[in-house]
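below is the sequence, then the predicted model.
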Amino acid sequence: MKGPMTKCALQALAVAAFFVCARVPAQAQPAGAVEKLNAASHSQWITLPSPDGRFARKLWGAATPAYAGKAHDAASQFLKDNASLLGVSGDLSDVELYRSSPGSGSSHVWYRRKAFGLPIEQSVLAVHFDALGRVVMVDNVTTEVSKSALGGDSVDAETAKSVAFGAAGSPGGVNVLQVEEKVLYVEGGVATPAWKVNVGALRPMTSRVVLVSALDGSVLESRDMLYRASGQVFAPNPVVYLHNFNLTDQSDSDAAVPLSAYRQVVFDINSPTFGPNNSLIYRLKGADADVYSHGL
């Protein structure tokens, strides 16, 4: 445990040297960037510009010529070819490969933006390929960084875990309490180095991502990662519910069931229990559903 902590401490000192209100230079998108991509693709791309118009936030509606080689190599080449359009540096020093999902069909490569040597939290630069190896869509979501917060790192990872646990409500039955990485939290253009902490527990069921400032230990953000949903169900079926024995399926048509036959219900996940090999069993159980899943 001491090895990683020592490495983190050294990284923190290196990063702290940069956080003296340094500014990230803004680069305007040069004219002709979209035209260049259109010419190379022999088609017209649809472009969603960023709010300030400096780069494209999304590209779709066309396809490039096929790229050879592995998906992440092809994606890197595409980014270099269209760096000005996407607002990245030509050598890709301000992005890092995050995840790659190659396949026999479509492939996807995700990057994250970086500033001051750290990844920007929730920044996404994704390049999507079809089965022929052509780029068919690009997602480019990031937050503008204009300067860094003042001060040096004074909060270590262990302290951040304690802060995050309290921010999550100090739940019982904790099964996850770990620092995932150090990131940049950006608000109003100001970047603050932060510890990204995952908190998971059983009582009550908890799954949160908490960002703790590495400068002063304050909670910058606490995101609930649990999902709840509502849906339409029959109670117990359209014929009985409507007292209409003349209903037919009309060749399995959706129109065969009138909207009045449905009722809206809310689904929630019961608190998980431990299964084989300490895996978690989540169960969605109630009047309208009874399903479970192992190992989530």
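Everything's here; your move.

and Gly199, what are its bridge partners?
That one is not Gly; residue 199 is Val. Taking DSSP bridges as the rule, Val199 bridges to Leu177, Arg208.

these two touch, right, it and Ala164?
Yes: between Val199 and Ala164 a contact is recorded at 5.6 Å, counting by Cβ atoms under 8 Å. (C-beta placed from N, C-alpha, C; glycine too.)

where exactly do the strands run in the stretch 151-296 of the chain?
With DSSP state E, counting those that start in this stretch, the ranges of strands along the stretch 151-296 of the chain come out as 172-187, 190-203, 206-213, 219-224, 229-233, 263-267, 270-274, 280-285, 290-294.

number of nearby residues for Leu242?
The number of residues packed near Leu242 is 14, by other Cβ atoms under 10 Å.

now the most centrally placed residue in the chain: how far from Thr142?
Closest to where the C-alpha atoms of the chain average out (Cα atoms, centre = their mean) is Gln122, at 5.7 Å. According to Cβ to Cβ, to the nearest Å, Gln122 and Thr142 sit 9 Å apart.

do the same with Leu125
7 Å.

with neighbour numbers in mind, choose between these two.
When neighbours are counted by other Cβ under 10 Å, Leu125 and Thr142 differ, and Leu125 comes out ahead with 25 against 22.

and the closest residue to Leu118 other than its chain neighbours, what are its bridge partners?
In space, and not counting its chain neighbours, Leu118 is closest to Leu184: 4.7 Å by Cβ to Cβ, 6 or more residues apart in numbering. Going by DSSP bridges, Leu184 is paired in beta bridges with Ile120, Pro193.

and for Leu184, the neighbour number?
27.

kindly report the same for Lys36.
Around Lys36 there are 14 residues (other Cβ under 10 Å).

again, but for the one 3 residues further on
The burial metric for Ala39, expressed as a neighbour count using other Cβ under 10 Å, is 10.

contact partners for it?
The contact partners of Ala39, by Cβ atoms under 8 Å, 6 or more residues apart in numbering, come to none.

just confirm it is within a strand.
No: counting by DSSP: H, G, I helix; E, B strand; the rest coil, Ala39 is not part of a strand but helix.

picking that back up, overlap in contacts, Leu125 and Thr142.
Joint contacts of Leu125 and Thr142 (Cβ under 8 Å, 6+ apart) are Arg113.

and Ala115, bridged to which residues?
Beta-bridge partners, per DSSP bridges, of Ala115: Leu118.

distance of it from Thr192?
The gap separating Ala115 from Thr192 is 11 Å, by Cβ to Cβ.

who touches both of these two?
Applying Cβ under 8 Å, 6+ apart, one finds that Ala115 and Thr192 are jointly contacted by Ser148, Leu184.

for Asn38, which non-adjacent residue is spatially closest?
In this structure, Asn38 finds its nearest non-sequential neighbour in Gln44, 5.5 Å apart by Cβ to Cβ, 6+ apart.

residue contacts, the spatially closest residue to Ser154 that is not a sequence neighbour?
Leaving aside its chain neighbours, Ser154 sits nearest to Leu215 (6.4 Å; criterion: Cβ to Cβ, 6+ apart). Leu215 makes contact with Phe19, Ala149, Gly151, Gly152, Asp153, Ser154, Val155, Thr192, Pro193, according to Cβ under 8 Å, 6+ apart.
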